[in-house]
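1. Below: sequence and its predicted model.
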Amino acid sequence: MFKKIIISFIFALVLQGYSYGDIFYQLGIGYSEGNSQSSASTGAPYAGHIEGYKTDLGVGLTSKFFGLNVDYILQYSPIGNGVKAKNFCSNNTFTCGLNFKDNLELGAKFFLPMSYNETIPAIYIGVANADIELKTSSSVAVTTLYASHDRIWGKTIGASLNRKLQTLNLDVSLDYTWTTFEKYRAKTEVGGGVEEITTAKPEIHLFGLKLKKYF
């Protein structure tokens, strides 16, 4: 329900402001940390703590909403195995992991009507859709025994500090976001060839730097 409301809200705002918006692109890099909140059907923990670095590429549109400057942003993160969690399975000869393979996010950044030393705060809401992999590997031979992929929806909120770099014709921002993904179940293996049903509900905190430039 949340993702439908946010997507509908953002598209309504984009259509409302499209006639006088400016188009931009942005590049970002950040550090992610969080928890996979995953467990096997036996109740034993599965993947554990999430951490890693990610980059993102985005395009956006500027507009106004009730007098506030707003950026509507579609961004993609080709994460690969850069953000992941790994833990020993209940059978210690195997490792249980959770990897973010990529992430697609649609969001809106609302700039607040205040500034300090030309730095403007903003708040952010969005929806995310990530390719999440649950994987069991041999801790001895480093070979994958079992892997499952699912595209999972999530909701994102955040805040940022934004500043224009006039000499470089760029905008720069320091961003924090928190994304919590929907709880889901997937087949996994925790060693010994026996399939298990693992439950996961990942949460991620992202601390990042973004550069924005207008076309």
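-> Cool, the structure landed.
2. Can you name the residues bridging to the residue nearest to residue 184 when sequence neighbours are not counted?
-> In this structure, residue 184 finds its nearest non-sequential neighbour in residue 152, 5.6 Å apart by C-beta to C-beta, 6 or more residues apart in numbering. For every residue, glycine as well, the C-beta is placed using N, CA and C. Here residue 152 sits in beta bridges with residue 130, as judged by DSSP bridges.
3. quick one: low-confidence ranges for this structure?
-> Counting by pLDDT under 70, the chain shows low-confidence ranges at 1-20, 81, 139-145, 190-194.
4. what number of residues lie near the residue nearest to residue 184?
-> Close neighbours of residue 152, defined as other C-beta atoms under 10 Å, add up to 19.
5. contacting residues around it?
-> Residue 152 makes contacts with 129-130, 132, 181-182, 184, 202, as judged by C-beta atoms under 8 Å, 6 or more residues apart in numbering.
6. change it to 6 Å
-> 130, 132, 181-182, 184 (C-beta atoms under 6 Å, 6 or more residues apart in numbering).
7. List only buried entries from those.
-> Buried subset of the contacts of residue 152 (neighbour count, 16 or more other C-beta atoms under 10 Å): 130, 132, 181, 184.
8. how about those residues, which pair is most distant?
-> Taking every pair in those and measuring C-beta to C-beta, the maximum separation is 11.1 Å, between 130 and 184.
9. Rebuild the buried ones among the contacts of residue 152 as a markdown table, extending it with secondary structure and distance to residue 211.
-> Shown next, in a markdown table, are these (DSSP: H, G, I helix; E, B strand; the rest coil; distance: C-beta to C-beta, whole Å):
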| residue | secondary structure | distance to residue 211 |
| --- | --- | --- |
| 130 | strand | 23 |
| 132 | strand | 28 |
| 181 | strand | 27 |
| 184 | strand | 34 |
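10. List just the nearest of those residues to residue 79.
-> Closest to residue 79, out of all of the buried ones among the contacts of residue 152 and judged by C-beta to C-beta, is residue 130, at 8.2 Å.
11. do you know how far residue 118 is from residue 100?
-> Taking C-beta to C-beta, to the nearest Å as the measure, residue 118 falls 35 Å from residue 100.
12. of these two, who's got more company?
-> Ranked by neighbour count (other C-beta under 10 Å), residue 118 and residue 100 place residue 100 first, with 25 against 10.
13. Surely that one touches residue 77?
-> No. Contact between residue 100 and residue 77 fails when scored by C-beta atoms under 6 Å: they sit 8.0 Å apart.
14. got a list of what residue 70 touches?
-> Per C-beta under 6 Å, 6+ apart, neighbours of residue 70: 63, 108, 110.
15. Which one of the residues you listed is nearest to residue 32?
-> residue 108 (21.1 Å).
16. and that closest one, which of the three is it?
-> In three-state terms, and counting by DSSP: H, G, I helix; E, B strand; the rest coil, residue 108 is strand.
17. Pull the number of nearby residues for it.
-> The number of residues packed near residue 108 is 22, by other C-beta under 10 Å.
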